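Enquirer: quick one: sequence and predicted model below, then my questions.
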Amino acid sequence: KPKIILDTDPGGDDSFALLWLLSLVKQGFVELVAVTTVDGNVHARYTFVGASKILKLAGFPLIEVGKGVIGGSENDLEDARGIHGGDGMGNLSHTLPEIDVNYEDAVYSDDILIEKLKANPGEIVVIAIAPLTNLASAERKCPGILKKAKEIIIMGGAFKVPGNIKPEAEFNIAYDVEAAATVFSSRDDIVVIPIDVTQKLVFTNEMAEQISQINPESEISKFIISLCKFMTKTALAFRETQGKQGFLVHDAATLAYLFYPETLLFRRAEVMIETKGEWTKGKTLFDSRNKTKFGANTWVAMEVDSVNLLAVMMEDLKVLICD
Ligand code: BDR
Ligand code: CA
């Protein structure tokens, strides 16, 4: 049974990824060791509260949540509250259960990563669906610590498609470029799922309605429906969602790699992060010759079977919703 740490900045699509992961925990397929939150879509304070509330909503209030390291680099990007809502959760945070943990007393996410990876060498899969500030901070404090993870799976980057936050750059990488560069040079088997493939994952209002049929009165059903509606409005609905009323569940693709590998196709490459550049800062470069600097360091997802990926995600979410 894999052990996972999820590094996240909820975030509408982060919330879906976390709920999906909890459905896999509920089915006994995986152990969620901790959730490390980070500054990104919204301020670290809100991502901490958001993740904690989802854990409580889904019946896992005891899973440890770390708070994000702030100021990983001279970040020149705005956060993404325009897409995810001021609280990162479609402004629905107040509808979720009150939490018993508080931000001020929480342990920093980088310290949790260091502690858990040291205690379980070679056992923990780190899934990072947010700017890489926490992971990089752990590596800087304790060089070599990321090598102690069983695997590192990242949602981020834009290779053959335009960026989603800058002409050439994807949000999670561009938000903290130095952190991304640190993480990509920390080992030679990073797994990355870029927007090239995640832009095909449109989760629709119809799908939300469909899964909630299993238990319409459940608070999780209501949250999923409302969040989907909110995200559908703020996403560039229709234009970036193939004419559907839905939004892109980028972050969920990381779980497909672990649990439904038949839905993704990868290629080995040397990936570099552009850390400077007037227009290209945050760009991810793909060299399949593996000769630019260090040699191959990454597995990059190139194709996705989006129909099957969304179908298995829906089936799993139903398990979480039904009592
Ligand atoms: C990534 O950026 C964030 O806004 C999403 O949560 C996702 O992790 C997509 O580029
Ligand atoms: Ca995210």
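Expert: Received, thanks. Numbering: from 1, shown residues only. Ligands and ions are numbered 1, 2, ... in the order given.
Enquirer: only C-alpha atoms from now on, for both contacts and neighbour counts.
Expert: Fine.
Enquirer: in the stretch 201-323 of the chain, which spans are strands?
Expert: 202-204, 246-248, 264-273, 284-287, 298-304 (DSSP state E, counting those that start in this stretch).
Enquirer: would you turn those strands into TSV with mean pLDDT, mean neighbour count and distance to residue 132?
Expert: Listed next are those as TSV, based on pLDDT from 0 to 100; neighbours: other Cα atoms under 10 Å; distance: least, Cα to Cα, whole Å:
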stretch	mean pLDDT	mean neighbour count	distance to residue 132
strand 202-204	95	23	24
strand 246-248	92	27	20
strand 264-273	96	20	12
strand 284-287	93	19	14
strand 298-304	97	22	15
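Enquirer: ok, which of those strands comes nearest ligand 1?
Expert: Taking Cα to the nearest ligand atom, strand 246-248 is the member of the strands of the stretch 201-323 of the chain nearest to ligand 1, at 8.4 Å.
Enquirer: could you tell me how far the closest one lies from the centre of the chain?
Expert: Here the centre of strand 246-248 is set off from its chain's centre by 15 Å, with Cα atoms, centre = their mean, to the nearest Å.
Enquirer: ok, that strand: who's next to it in the sheet?
Expert: strand 202-204 (antiparallel) (DSSP bridges).
Enquirer: for this protein, what lies in contact range of ligand 1?
Expert: 11, 13, 14, 41, 129, 130, 170, 171, 172, 250, 251 (Cα under 6 Å from any ligand atom).
Enquirer: test my guess that the first one contacts residue 47.
Expert: It refers to residue 11. Yes: with contact defined as Cα atoms under 8 Å, residue 11 counts as touching residue 47 (7.5 Å).
Enquirer: give me the common contacts of these two.
Expert: 41, 88 (Cα atoms under 8 Å, 6 or more residues apart in numbering).
Enquirer: which one of the residues of the chain next to ligand 1 is nearest to residue 95?
Expert: The closest of the residues of the chain next to ligand 1 to residue 95 turns out to be residue 11 (Cα to Cα; 15.7 Å).
Enquirer: run a quick neighbour tally on the closest one.
Expert: Using other Cα atoms under 10 Å, residue 11 has 30 other residues around it.
Enquirer: find the nearest non-adjacent residue to it, please.
Expert: residue 88 (4.6 Å; Cα to Cα, 6 or more residues apart in numbering).
Enquirer: next one: residue 49
Expert: Distances taken as Cα to Cα, 6+ apart place residue 103 nearest to residue 49, at 7.4 Å, with adjacent residues excluded.
Enquirer: I'd guessed the one you found sits against residue 65; true?
Expert: No: using Cα under 8 Å, residue 103 is not in contact with residue 65, being 9.4 Å away.
Enquirer: any shared contact partners between the two?
Expert: Joint contacts of residue 103 and residue 65 (Cα under 8 Å, 6+ apart) are residue 48.
Enquirer: neighbour-wise, which of these two wins?
Expert: Ranked by neighbour count (other Cα under 10 Å), residue 103 and residue 65 place residue 65 first, with 28 against 17.
Enquirer: any idea whether that one is helix, strand or coil?
Expert: For residue 65, the secondary structure call by DSSP: H, G, I helix; E, B strand; the rest coil comes out as strand.
Enquirer: residues in contact with it?
Expert: 34, 35, 36, 37, 48, 51, 52, 106, 107, 109.
Enquirer: point out where this protein drops to low pLDDT.
Expert: Residues of the chain meeting the criterion pLDDT under 70: 71-75, 235-239.
Enquirer: most remote residue from it's center?
Expert: Most distant residue from the mean C-alpha position of the chain: residue 291, 29.3 Å away (Cα atoms, centre = their mean).
Enquirer: disregarding residues adjacent in the polypeptide, which is nearest to that residue?
Expert: residue 270 (7.4 Å).
Enquirer: look at residue 217 and say how many residues are nearby.
Expert: Residue 217, neighbours per other Cα under 10 Å, totals 12.
Enquirer: tell me the helices in the stretch 101-250 of the chain, going along the chain?
Expert: With DSSP state H, counting those that start in this stretch as the criterion, the stretch 101-250 of the chain has helices at 109-119, 133-141, 171-174, 177-184, 195-198, 205-212, 219-234.
Enquirer: can you give me the buried ones in the first one?
Expert: For helix 109-119, the neighbour count (16 or more other Cα atoms under 10 Å) marks 109, 110, 111, 112, 113, 114, 116, 117, 118 as buried.
Enquirer: in CSV, list the strands of the stretch 201-323 of the chain along with distance to residue 178.
Expert: Converted to CSV, the strands of the stretch 201-323 of the chain look like this (distance: least, Cα to Cα, whole Å):
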stretch, distance to residue 178
strand 202-204, 30
strand 246-248, 26
strand 264-273, 8
strand 284-287, 12
strand 298-304, 17
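Enquirer: so which of those strands is nearest residue 189?
Expert: Of all the strands of the stretch 201-323 of the chain, it is strand 298-304 that lies closest to residue 189, at 5.0 Å by Cα to Cα.
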